[in-house]
Structures are given as C-alpha cells and as structure tokens.
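> Need a 3D model of the following:
(chains A and B, ligands or ions: 2)
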Amino acid sequence: MQGEGLLAGLLGSLKPRRRRRQPTEELPLASRAVSYTVIAALLAASLPIILSYTLLVELSFSASFIATPFEKTSFTLENWRLFFQGRLAPTAAQIYTPSYIRRMILDTLIVALGVMGVVVASATPAAYAFSRMNFRGRGALMRFLILLHAFPGVALIIGVYAIYVYTYRRLALGLHAGEAALLAYAFLYVIVARASLEIPMSTWLMKGFFDRIPWEVEWAALVDGASRLRVFTRIMLPLVKPGLAALSIFSFMAGWEELIYVVVFLPSKAPTLASYIHSQLSGGAIETAYLPVVAAAAVVYLIPTILFFVFTQSLLVEAAEGAGVKA
Amino acid sequence: MVEVELRGVWKRFGDFVAVKNVNLRFPDGKFSSILGPSGSGKTTLLYLIAGIYKPSRGEILFDGEDVSRLPPNKRNVGLVFQNYALYPHMTVFENIAFPLTIKGLPRGEIEERVHSVARMLHIDELLDRYPHQLSGGQQQRVALARALVKEPAVLLLDEPLSNLDALVRLEIRGELKRLQRRLGITTIYVTHDQSEALAMADLIAVIHRGEIQQVGSPEDVYRRPRNLFVAGFIGMPPANLVKAAVTRTPTPCVVIAGGGEYCPGEPLASKLEALGLEAVVAAFRPEDVVLGEHPMEDYVSMEAEVYVVETLGRENLVTLRLPDGQAVKAITSPLLNPRPGDKMYVNVEPSKILLYDPDTELNIEAIEAAPAARPVSLAGSPERRRAAQEED
Ligand SMILES: Nc1ncnc2c1ncn2[C@@H]1O[C@H](COP(=O)(O)OP(=O)(O)OP(=O)(O)O)[C@@H](O)[C@H]1O
Ligand SMILES: [Mg+2]
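Residues are numbered from 1 along each chain as shown, chains lettered A, B, ... in the order given. Ligands and ions are numbered 1, 2, ... in the order given. Reported below is the predicted structural model:
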C-alpha cells in the first residue's frame, strides 16, 4: 500500500523498519481496521508538513514565486546560481559575495561540529561512569540530569547571556582581546552553551548503550591484562559504536539547527544558515526577500537532515538488532 | 606454576554474606574443583581469586605471596567465564590474541602462539569468524584458548561446560582433563555438577551458602561426607538420610524405623556415648542397599513398603517407605521388579552406614575429641550458630 510506504518513510527516522516476515499473518478484522484508522490519522496530521517540504523544494527550482502547490511554474537553476553567487535577489538589491555564502555554511558547520565534539567528549565518559562506577550521589546526580533536561533552553538563555556579557566585557576591555579572538570566543561560547543543553539527555542515551555490555566482557579484558584505560578504549568504546554514532548525529543536528543561541551570541556578520533564513523572513524583511533564493538556502539547510534520515535507518536497525553486543 | 591459598576470606555484598571464612589451599599443578549448588558462592570465590572482587576480609596468596590487593591484570590468571564473555567485536583470532597484544608482543610471536593454542583446541579453522557465528562448544574452546594463550599461572574455569549438550560435555570433559595434565597448570574448576567434579578433580571443595563444607579427594567426598549437606548433595541420587533413635543396652545402638538396629563398634560407640546423643541421622547410599524378601544375616535390615519403581535402563531405582513414613531409595538390578505396595527388606551392610549429629549436622566420626569439638553446640540450632559466627 502506498500510504504504508509513505508512513514507513516518515517514521523511519524514529523507529527501525522491521524486515517483513514471510508469510505475513492475517490480522484479525478488528485490529486491521484500527491500524488503518491510525495510518489515516497520521497521514492527515503530517499532510501539512509533507506539503510544505514539497513546496519548499519546488520553489527553490522555480522561475517565479509560487503561492499554491498546484500553480504551474517553469524549472530553473537560477535560484541556486544566485544563492551560490551570494546574490540574494535577481534585482541585485541585496548583493553579498560568494565567500559570504561559503562563510555562512562554514559557520554553521563550526557550530554543529563543535556541539557534536563537546557533547560526545563529555557525555561518553560521564555515561561510562554512571553505568559502571559506584560513587556517592550517583542516583541523585542521575535524577538531576533528567531535571536539567526538562528545563527549556530559552529560559536558561537569560542567565547564559549574563555570563556571556560579563566574560565578553572582561575579554574586550580587560584583556584587550582582538576582534578575531572575540569572534572565536563567541563561537566557543555558543558551542559550549548549546552543547550543555544536549549533554544531560546524551549521557542518558549513552548510559543505555554501556549498560548493555555484560560486565563479564569488561572483566575478561581486565583479567587478560588490560589496564582500565585500555579496557575503555579497546573494549568499551568499540562496543558502543552505534551509540557514539547516534550521539554524534543527534548533537550535530542540534548544533546545525540551532537558532536562538546563534542569533543571541554570534555577531550578525557571522550568520549561520538558520540565522540567515531567519533574518530573511523576520521583522519585515520578508516583504523584500526573494523567496526562491531563500528556499534554496533552506534546502541546503535540510541536507544533513536528509543524510541523517538515510544513514540512521541502517544505524538504528543495527543498534536495535544489537549487532554490536550480544547479551 | 603456583599454589593458591585462601586464608579466612570473606566477601560481603552489602548485608549479604556471599563467602564466609573460607580457608582453602589449591595445590600446585593440580586440578581442583569447587562444587556447590546454584547461588552457593562459587563464582564469587573464583572472582576473588582472579581479583575481580576484593575480599571483605582475609587474604589470598599465590605461592605464599599476598595478592589480595593486586588488580586482575597483575595476577596472571586465565579465566573462562560462565558465559564465555568473548569480545563480540573481535574475530576469534583477535579474541585469542588480545592478552598478547596487550602485552605488546611482536606480531610474529602472537600469530605463532595463537595458532598453536588454536590447533591444540581444534579451532584453527574458526580464526576468522566472529563469536556470534560460533556454536556454544566452539565459543567455549575460544574462551579456553584465550585463557591459555598467555600461559597463566592459574587457570580458573567457571562452569565452562554448563551450556553444552550432554555428549559434547562428556567429550570436552575428557579433553580438558588431559590438557590440564599435559600443561600442569594449577586449575580451579567451578561446577554445580557433581559428576564433573568427581570425574575430573584431584581435589574437591564442596561449598554451600558461602561456606566450605568439605575438602577432599573425590573418594573422600563420596565415601565419607563430612556433614549432612555433603551426604545429601553428592551422589545420583544422593545418600539416604534417615532419622534414628539411640538406645543404650548399655552399649549404644542406633534404632531405625522398620526394625533396623545398628550397634557400631569402637571407636564409634564411645564417641556416640561421649556425645550423649539421643538421636542421630543415619546415612547410606542407594547403591549400597540390597533389597530382598527377607532380612539378611549381618546386615542392618529395615522393613519397608515399595512406593515407586523407576526404570533407568542399566538399573532400577526403587523408592520405599519405612513404617514411620521416611523415604528410602535403593538402586537394584533391572531384573528385580517389585510392585508398589510390596513389603520388602532394605538391607545395608553396617560398614556402609554413616552417622551424623542432627544438631551440628557433622559426621560423628569426623567430630574430634568429643565435648571440645562442639564448643557452641549448646547455643542451639546450626542457623543460630552460623549467625553468631557472622558477628565475630
Ligand atoms: N554483585 C553482587 N551483589 C549482591 N549479591 C551478589 C552479587 N554477586 C553474587 N551475589 C549473591 O551471592 C551469592 C553467590 O553468588 P554466586 O554467583 O557466587 O553463585 P554461584 O555459586 O556461582 O551460582 P551459579 O551456580 O548459579 O552460578 C548469590 O546468592 C548471589 O545472589
Ligand atoms: Mg556462578
């Protein structure tokens, strides 16, 4: 059924697709009716999303602005050319340079990779400790992590901003840091602040992966003569590889998609894809923006999501089937 | 190689005492077995020797040297885990090579040693596979190879055969024993299967609820169980344990239901006398019972009623009831086929009967100079005595 395929696609990023069993068992009538209803409801609910994405991609390739999904329009690569040239409107009202676009993509990458690096580097050892070590306050600390995760990042931003302003001022006025250093500091600040929002949940996620490794495997390595550090690098890390991959992807995406922290802390001369798209659409800018070019930017912005969708399929299936660890 | 000794070793998990005051010596180059039912603390004991657990009290010595504080990677022991614990992300070759790679041996030497140990265990065909592509028996060999390749001072085996089917188990049992003989490694083999321990071990330590019940040769443990637990645990089926009264006429005699009377000779008689027991538990093995229509001369004979007859092929297992309701099992020739309800005589040679103190549960023969050997016997039940022991 077509709807089923589409639905499987939509849910694909959430849940591993089951391999179809042969022969498929006949479902009882009642439960079959229920599952069709559920599918129909999900389809109806996701229709606006599907429509908007279709429109977005279509718009980035269309010669004129389209307002409805059924409008006829001719295909063109002009928008993409304009985008990569840094000309954000055919009228040349807003002209940037090609390097500006490259910078923008690079900035987005720096934030995304930075968040990824900080999250993976701190959540993995923390998760190992929570999974394997007995220390005072372990239980309380784990509950505290959940609580931390429950706090919305937007609410935190005021406190985070206060610290930023204080430290930034010290750097600029007290230490006379140069412009480049201040920019680097802004990036570092965004990365660390944004990563800290991801770390609690990531630690929990990784703890789950460590928990699934039998103690005996770890002990076997100790008995075989490996030091604790060797056991961690040679045995534990390879066995949580699916977890590391999932964690990397999730935290990369969090950094790539981040808007609020970027808008607040990065100077406007260093936009990311998210903040650029945002700037084109907010505060009256939308009146003058040439949307097909913005659409092209938005499609670039979507690329990691699409890659994520493609790769997590096999990754999640692998993780679910426990290819790494057989309990 | 190495002699392993445990001195007053205790292990607590929170409030739970898993290993209680264990004193044991595993002789150099011998095959020793730790035998006990599930949950008796066998694995815990093995992990203590390997260094995975630290003793709560007491010390562990390798050749007289205290290793209690040494981590596992400094003890040079080989350990085959109950569930094998192979590294799932490594091939069989990498698994076996791991202890050598950690030591940083040159590539050539690693290859050579891995191949030679793999050949010895007949797994040289499997070196490129991953653990999940192996059968249970193959995984067991890989785990053994990994433990042997580093030429450990002590080889520790935790029920390595329990996941295998009966035939493979018998086969590997023989191989393992031969291998140990050849290599002469001090080996400690943990099992809950008495037939494995009896067949393979030079020395058996029976453990129950974290306490060592008896240490001895298979013959000792089988023929002269030190206490009621060992008597009731060893043997297929284990020994019959029958409550009996002690009369004094004036020499002490043991009176069993169904007319059985056993008047032990010296030195047992005076021991019974000195202990002043009113009741004992008489133990005798089902295979030592001669079933008959009549009481036999010079045998202790009890009248009993046949309850169930089980055909085991080579022999029959007959369960009977003494007049007071206690059950007695007897192994008989398959030709003897009594019917349930039949009256028969359970005849046992007096020398095959062992007597136990129902209070301390100890073999009366094993109790030393009588009163001194039971210093706390007045304190009450064995449970309470155990509890008291725990506090000191
Ligand atoms: N880490 C632990 N924490 C608390 N209790 C434990 C722990 N490890 C073992 N125990 C307890 O100690 C007792 C002995 O356990 P152990 O694993 O040594 O038994 P075992 O003789 O090896 O049993 P089996 O034949 O089933 O493997 C058990 O009652 C068990 O519940
Ligand atoms: Mg065990």
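
> Quick check: longest helix in the chain by residues?
Let's take chain A. Counting residues, the longest helix found in chain A (DSSP state H) is helix A:98-132.

> Wait, chain B was what I had in mind.
Longest helix in chain B, counting residues (DSSP H): helix B:166-183.

> what's the following helix or strand after that helix?
Next helix or strand after helix B:166-183 toward the C-terminus (DSSP states H and E): strand B:186-191.

> So what's the gap between that following strand and the chain middle?
11 Å (CA atoms, centre = their mean, to the nearest Å).

> got the contact list for it?
If you take CB atoms under 8 Å, 6 or more residues apart in numbering or on different chains as the criterion, strand B:186-191 is touched by B:1-4, B:26-35, B:42-43, B:45-46, B:49, B:153-162, B:180, B:196-197, B:200-201. Glycine gets a C-beta too; all of them are placed from N, C-alpha and C.

> And for stretch B:348-359?
Contacts of stretch B:348-359 with the rest of the structure, by CB under 8 Å, 6+ apart, involve B:224-225, B:227-228, B:231, B:239, B:241, B:243, B:254, B:260, B:262, B:264, B:268, B:272, B:275, B:277, B:279-285, B:288-290, B:298-301, B:362-365, B:367, B:374, B:377, B:381-382.

> Kindly report the same for stretch B:121-130.
Counting by CB under 8 Å, 6+ apart, B:88, B:90-93, B:96, B:114-115, B:118, B:134, B:138, B:141-142, B:144-145, B:148 sit against stretch B:121-130.

> quick check: mean pLDDT across stretch A:242-254?
Average pLDDT, stretch A:242-254: 90.

> buried residues in the host helix or strand of residue A:274?
Secondary structure from DSSP H and E places residue A:274 in helix A:273-281. Across helix A:273-281, burial judged by 16 or more other CB atoms under 10 Å in any protein chain shown covers A:273, A:274, A:275, A:276, A:277, A:278, A:280.

> about what we covered before: buried sites along the longest helix of chain A?
A:101, A:103-105, A:107-120, A:122-124, A:126-132.

> does residue A:197 belong to a helix or a strand, and which?
helix A:179-211.

> Which neighbouring elements make contact with that helix?
helix A:98-132, helix A:138-150, helix A:153-169, helix A:241-257, helix A:260-265 (3 or more CB pairs under 8 Å, 6 or more residues apart in numbering or on different chains; DSSP states H and E).

> Tell me who's in contact with the closest residue to chain A within chain B.
For chain B, the residue closest to chain A is residue B:85, as judged by CB to the nearest CB, at 3.6 Å. With contacts defined as CB under 8 Å, 6+ apart, the neighbours of residue B:85 are A:214, A:216, A:217, A:219, A:220, B:143.

> Likewise for residue B:145?
Contact analysis of residue B:145 by CB under 8 Å, 6+ apart lists B:96, B:114, B:117, B:118, B:120, B:121, B:123.

> Residue B:221: what's its closest spatial neighbour, skipping adjacent residues?
residue B:204 (4.9 Å; CB to CB, 6 or more residues apart in numbering or on different chains).

> did I read that right, that neighbour in a strand?
Yes. Membership of residue B:204 in a strand is supported by DSSP: H, G, I helix; E, B strand; the rest coil.

> can you pull the pLDDT of it?
pLDDT, read off for residue B:204, is 96.

> Number of residues surrounding it?
Residues lying near residue B:204 (other CB atoms under 10 Å in any protein chain shown) number 26.

> ok, now residue A:144?
Residue A:144: 12 neighbours (other CB under 10 Å).

> Can you read off the pLDDT for whatever residue of the stretch 101-250 of chain A ends up closest to ligand 1?
Residue nearest to ligand 1 within the stretch 101-250 of chain A: residue A:215 (8.9 Å; CB to the nearest ligand atom). On the pLDDT scale, residue A:215 is placed at 94.

> And the residue of the stretch 51-200 of chain A that's closest to chain B?
residue A:134 (11.3 Å).

> any idea how far residue B:73 is from residue A:226?
To residue B:73, residue A:226 is 6 Å away according to CB to CB, to the nearest Å.

> ugh, wrong one, I meant residue A:85
Counting by CB to CB, the gap from residue A:85 to residue B:73 is 61 Å.

> who's more crowded, the two?
Remark: of residue A:85 and residue B:73, residue B:73 carries more neighbours, 20 against 15, as counted by other CB under 10 Å.

> Spatially central, which residue of chain A would that be?
residue A:253 (1.5 Å; CA atoms, centre = their mean).

> Surely that one is in contact with residue A:306?
No. Using CB atoms under 8 Å, residue A:253 is not in contact with residue A:306, being 11.4 Å away.
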